Structure formats: structure tokens, C-alpha cells
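Visitor: Here is a sequence with its predicted model. Questions after.
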Amino acid sequence: MSEPATKRPRAEEDGDNGDSKDEIIAKLKARVAELESCVTRQGSDSMTYYASHHAGFSSDEYATFPKDGMPARHVKEIIEQAHLCDFSPRLNTSSYVNVVSEPEERDVGALGAEVNLADASVYPASIKIHDRVVDMIAKKWHAPEPAVKGDNYVGAGTVGSTEACLLSGLALKFRWREWYKAKHGMTDEQVQAVKPNIVISSAYQAAWEKFFRYFDVDAKLVKASLLKDKMAINAKDLVSHVDEKTIGVVCILGNHYNGVFDPVWEVNDEIEKVNAEKGFQVGIHVDAASGGFIAPFIDMKGLKFDFRLKNVLTMSTSGHKFGESVCGTGWVIFRQREDLSSHIAVSVTYLGGHCDSITLNFSRPASGPFVQFYKMLRLGEEGYKSKVANQMNVAHYLREFIRDLKHPSGKPRFQMLDGGGSVCLPVVAARLNPELDLAYNDIDLQHAISESHWYVSGYSLGFENFMNGGIMEPLFNDVDATATMFRIVVKSNLTRSLAEDLTGHFIETLTVLDSMEEGYASMRSAKAAVQQDVVELAQAEQMTVRQAAVASVALGKWMGKRKKRFSLSQGPQRPSMLKAFSAAHVC
């Protein structure tokens, strides 16, 4: 017979460890609440998302790390609902980034997300795919063949073209430093105290400001003409700023404002002259973020833009733009290893093998290279040519439509600002005709068109010159900083039928804007005033801005009903009541 169980002491039996009665009750209540929560979660997990308690969560619930997880399908639904509030990517004509893909392509991208390209010893086959893409791009850009037969061309996949620009700039900086040190007989410490510069158009992409700021390099900004040269930099003007501290000159192969190419072919000739006359060794970086996958597939009229030009040392591009890869794909190609990529190569041996890393980021997924490889095999050269031809044709249709639009006065509605469809990107750029003296500008046009779900970017033609204390300056030498323009980027997904829909909305929008006596500016100023009221209300009543917005709606103080500035404390409702109302009705 088994021995009878001994009775535990009361404190141990109840688990109170000497706790008082009230403390024991509080613990039991907490435990019951925990079990109820567990039952609720288990019940919700077996339901559809819309029948679960997760559907009742405010978005504020996701601002802190959750205690418990939730079913995968519920998480997916939450993210998809958030994405529904974005603009439609396919109707966004502002961005250059590719937004269409095939199921097989997405599978390849997901496969690459689990491959770390930094670990060449574990993923040698994936590294070969990466290297093959580098080779294909280098050949399209006519890079010199590798010094050792059978070697790969010198380059790397990057996180977008920003990293590619940074790597190119660093290679040029360290190349210049060796030259400058030898010329002046300096020590390493002495030459490191000398601040070099890059000569570049004032219409540079934001990647270059990162380079100037992060890597201690001055920017010699050269302003182009908007109306005469359509933003293309003048080669003589550009090179006139070169001095012995210049590490390189940047040519933009596809200005992001209007798609026009800087004349790399002319800049090369001018660089050749100044190097010969002054004993410099200045080279060119071609920022082909957008043009790298356009120029090789269009008629360049015999103009050379790549490594066929003697002084082009480095080139970069965004694979995720007209290269049609997944977002976050970039590429950098060097003319040669010695005295260029050798300056930024880091030897890595601790992962079980040996490899050189020439990227800023170490661990990175293979998704970009995998999808880029997929697209190159999928389309081939003829496929890319056909795709680009379609884009150019749609751009031509839009350009002709915008050019032919007339104001009721009989004057042209717009002034064209792009390259006209030859030796440029598939981009249409224009501005409202300044002669019309309209009550709205191109940025107002952007906002008005967006009400039809299309996104067409309007821009100010000014920029904050960080080299001049952040003062707002004109981007170009023949317009004011307050001038505006807009652009339409014709990506592969912007088909002729979609372009026709866009033109219809252009006409509708312009008709509405013309009918507003005070123009879109009146709506803009009213909205700004209301927003200021909401901020003041939030501050005065210690609400969140969102709660204040809901409270102001409840009081009838929104756009059309706005009469005067107000204070809730003077009204019949108490602030605490309105806070409760706001918290219950935030949506």
C-alpha cells in the first residue's frame, strides 16, 4: 500500500507565502484575467480576422512590442490594411522604382531573402549569380576586360544606387589622396587633413549630399540652364571648377527632375584637356541611377556615355528602377581593380573562407541580385529594348498631349522642360505657363490630380544649399527658387491605356482649378489654418493631435464650417468629456 500523502502547510498549499488575504485575492483575480485572456486569444485564433478581437485594435496598439503573438493570417491582414491607405503604386508617376513583378520573380526574391551574400563560403553558387550580373552590366557599359583572363569584372551589388555612389566616391577619394600625397611629399597624417572636393550639377540626387556630409568632401556645385539646356550641365562650366583638390567630376545620366542626360562625352574631352594642361588625374563618375538601363537600349546617336570614354572611372545604377529588379537593388562598376576598387576592398576570412568585400553594408540579402539575374534572363537584350521602346512611345504620347493643351486665352497651358524624347529617359517634364499668371502652381496641380488617385509630383525649383548654411537657392541659373514644375516618370507599368486615363484627369482637374476664383491656394491656406487650430487645441487641452482633430470635427469647426478660433474650456462641454469622445471616435 502506498503511503498517505502528507498535508502541505497552509501557506504552501495556497501559494501565499505569508501573503495577506487581500493580496491572495488580487493574485487570484490576476490569474483569472490571464486565463480569460488566453481563452479569448485561442478563440480569436480560430476565427476569421474580422470576427477576432484583433479587428478591434487601434493602430496605436502596434506602437509597442506586443506581449503575445497572433496568427500569421491576422498579421498579414493588418499589414495589407495599412498598405490600402497608401497611394496605388501603379498610379504613382513620381517614383522611378519598379512596382510590377511576376509570381516566379517574387519566388526568386523570397528565396534570396534567406541568403546572406556576405558569406561566400556558404553560398558560393549565389555569389556566382551575383558576379554574373556584374559581368553582364560591365559588358553593356563596355568596361575593359579583366587583366587576368577568366576573372570577373570589378563591381558589386549594392543597396540601391546610393550605396553605389558612396562606394564610387570613396574609391575616387582614396585614389586622389595617394596622388596628392605623392605630389606634395606629404605623410599620411598630413594628406588626411586636406579636404578634397567633387564637381557636380546642383541638380544632384540626395545620395551625393550623404556622401559630402558623411565622408568630409566639399561639393563644387555648378548650375545648369533650365530653359536653354533643359538642365543638362555645360561641360566647360563643369570642368572650369576643377582644381588639384578635385577627386572627380560627376555626370548624371538621367537627371531625376526631367530625365535629361549630362553630356558625358563632352565632359570627357574637357577633362582630358585639363589633366594634360595641369598634370591632374581627375576622372569621371557616371551616376546612371536611372539611365544605366536605358542608354544601352536606345539610339544614342553615336554618343558615348560609358567606359569607352578614357576618363570614366566608375559607374553606378539602380537595378530597381529601369533595370526592373526589386526595390533595394543597385550596382557599381569600376574601370579596374588597381588604384580604384583596391582602395575600398576589405579582406574577410573569419567565415571559413576568403573573400574581398567592397560594399559598405556587410550582411545583405541576395534578393536584389537574384531578381536582377531573373529579369536579365527573362527579358534578354531584345526584351529590354522592346520594354524601353514602349516606355518612350507612352512618354511621346503624354508629351504631345501636354504640349498641345491650350488655356482659354489661347496661350499654351504648359512650358515643356524635358529632353524631347531623344537621348534621355522616358520622362515628361513641364510647368504651367508663367505667362498665364494662374492662381495655382504645379504643386497645387499635383494635389488636385491626386484626388483622382493619380500621383504626379510637383517640385519647387529651389534647394537648400548645405554648402551655404542651408540657404534656399535656385536650382538653375535662369529661374527663381520659387518657380515650380512637375514630371511624369513613364515606368513599364504606365501603359498607353493608363496614360489616356491620366490625360482625362488632367483636363478635368485643370477645368476645376480654373473655375476657382482664388485658385487652389485658397483651399491650401484654409487647410493650413484649420491644421493650426487643431495643433493649438491639442496643446491647450493636453490632447493628442488626432484627438483634437476629432473633437474639432464634432464641434463643426472643420474646413467649410470654420468660423473663428476657439477654446473648448469656454464651451458647454468639459474638456474631459471631449477627450473621452475623441478617444472613442478616433478612426
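Guide: Received, thanks.
Visitor: Next, count neighbours for V490.
Guide: Neighbours of V490 under the rule other C-beta atoms under 10 Å: 25. For every residue, glycine as well, the C-beta is placed using N, CA and C.
Visitor: let me fix that: A182
Guide: A182 has 10 neighbouring residues, counting by other C-beta under 10 Å.
Visitor: Please identify the helix or strand for it.
Guide: Element membership for A182 (DSSP states H and E) is helix 160-184.
Visitor: If we go by neighbour counts, what in that helix is buried?
Guide: Residues of helix 160-184 classed as buried by neighbour count (16 or more other C-beta atoms under 10 Å): 160-173, 175-177, 179-181.
Visitor: where does the stretch 1-150 of the chain have low pLDDT?
Guide: The model of the stretch 1-150 of the chain has pLDDT under 70 over residues 1-18, 39-44.
Visitor: now the strands: where do they sit in it?
Guide: For the stretch 1-150 of the chain, no strands are identified by DSSP state E, counting those that start in this stretch.
Visitor: do the stretch 301-450 of the chain as well
Guide: Using DSSP E, counting those that start in this stretch, strands in the stretch 301-450 of the chain cover 312-318, 329-334, 346-348, 355-357, 414-416, 427-432.
Visitor: Student question: in the chain, what's the helix or strand with minimum average pLDDT?
Guide: Within the chain, no helix or strand scores below helix 575-585, which has a mean of 36 by mean pLDDT, DSSP states H and E.
Visitor: Centre of the chain to the helix holding A182, how far?
Guide: The chain centre lies 24 Å from the centre of helix 160-184; the measure is C-alpha atoms, centre = their mean, to the nearest Å.
Visitor: quick one: average confidence on that helix?
Guide: For helix 160-184, mean pLDDT rounds to 97.
Visitor: ditto for stretch 424-435
Guide: The average pLDDT for stretch 424-435 rounds to 97.
Visitor: Number the residues from 17 up from this point.
Guide: Noted, 17 is the first residue going forward, which turns the last one into stretch 440-451.
Visitor: what's the first-to-last distance across that stretch?
Guide: Length of stretch 440-451, first residue to last, C-alpha to C-alpha, to the nearest Å: 27 Å.
Visitor: Go through that stretch and flag the buried ones.
Guide: So, applying 16+ other C-beta under 10 Å, buried residues of stretch 440-451: 440-449.
Visitor: With distance to M86 as extra columns, can I get the residues you listed in TSV?
Guide: Shown next, in TSV, are the buried residues of stretch 440-451 (distance: C-beta to C-beta, whole Å):
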residue	distance to M86
C440	49
L441	44
P442	44
V443	44
V444	45
A445	46
A446	49
R447	49
L448	50
N449	55
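Visitor: Rebuild the strands of the stretch 317-466 of the chain as JSON lines, extending it with distance to V258.
Guide: Shown next, in JSON lines, are the strands of the stretch 317-466 of the chain (distance: least, C-beta to C-beta, whole Å):
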{"stretch": "strand 328-334", "distance to V258": "14"}
{"stretch": "strand 345-350", "distance to V258": "21"}
{"stretch": "strand 362-364", "distance to V258": "30"}
{"stretch": "strand 371-373", "distance to V258": "31"}
{"stretch": "strand 430-432", "distance to V258": "32"}
{"stretch": "strand 443-448", "distance to V258": "29"}
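Visitor: And those: which comes nearest G486?
Guide: In terms of C-beta to C-beta, the element of the strands of the stretch 317-466 of the chain nearest to G486 is strand 443-448, at 25.1 Å.
Visitor: what residues does that closest one touch?
Guide: Identification of contacts with strand 443-448 by C-beta atoms under 8 Å, 6 or more residues apart in numbering yields 270, 273-275, 411, 414-415, 418-419, 429-435, 454, 456-458, 461, 499-506.
Visitor: in its sheet, what does that strand sit against?
Guide: strand 430-432 (antiparallel), strand 500-505 (antiparallel) (DSSP bridges).
Visitor: Buried deepest among those strands, which one?
Guide: Among the strands paired with strand 443-448, strand 500-505 has the highest mean neighbour count (mean count of other C-beta atoms under 10 Å), at a mean of 24.
Visitor: Any buried residues in the helix or strand just after that one, and which?
Guide: Going down the chain from strand 500-505, the next helix or strand is helix 512-531, by DSSP H and E. Within helix 512-531, the residues that count as buried by 16+ other C-beta under 10 Å are 515, 518, 521-522, 525-526, 529.
Visitor: now helix 512-531: mean pLDDT?
Guide: 95.
Visitor: what sits up against it?
Guide: With contacts defined as C-beta under 8 Å, 6+ apart, helix 512-531 is touched by 106-107, 109, 409-410, 413-414, 417-418, 421, 424, 429, 454, 456, 460-461, 464-465, 467-468, 470, 472, 504, 506, 535-536.
Visitor: circling back: name the next helix or strand following the helix holding A198 along the chain.
Guide: In the C-terminal direction, the helix or strand that comes right after helix 176-200 (DSSP H and E) is helix 204-208.
Visitor: buried residues in that next one?
Guide: Within helix 204-208, the residues scored as buried using 16+ other C-beta under 10 Å are V207.
Visitor: P385 versus D151, what's the distance?
Guide: Distance of D151 to P385, given as C-beta to C-beta, to the nearest Å: 12 Å.
Visitor: that older thread, and the strands paired with strand 443-448: which comes nearest P381?
Guide: P381 lies closest to strand 500-505 among the strands paired with strand 443-448, at 26.1 Å (C-beta to C-beta).
Visitor: Export only the CA atoms of that closest one, formatted as CSV.
Guide: C-alpha atoms of strand 500-505 as CSV (Å, rounded to 0.1, in the frame of the first residue of the first chain):
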residue,chain,number,x,y,z
THR,A,500,7.7,75.1,-59.8
MET,A,501,7.5,72.2,-62.3
PHE,A,502,6.1,68.7,-62.5
ARG,A,503,7.3,65.4,-64.0
ILE,A,504,5.8,62.1,-65.1
VAL,A,505,8.1,59.1,-65.0
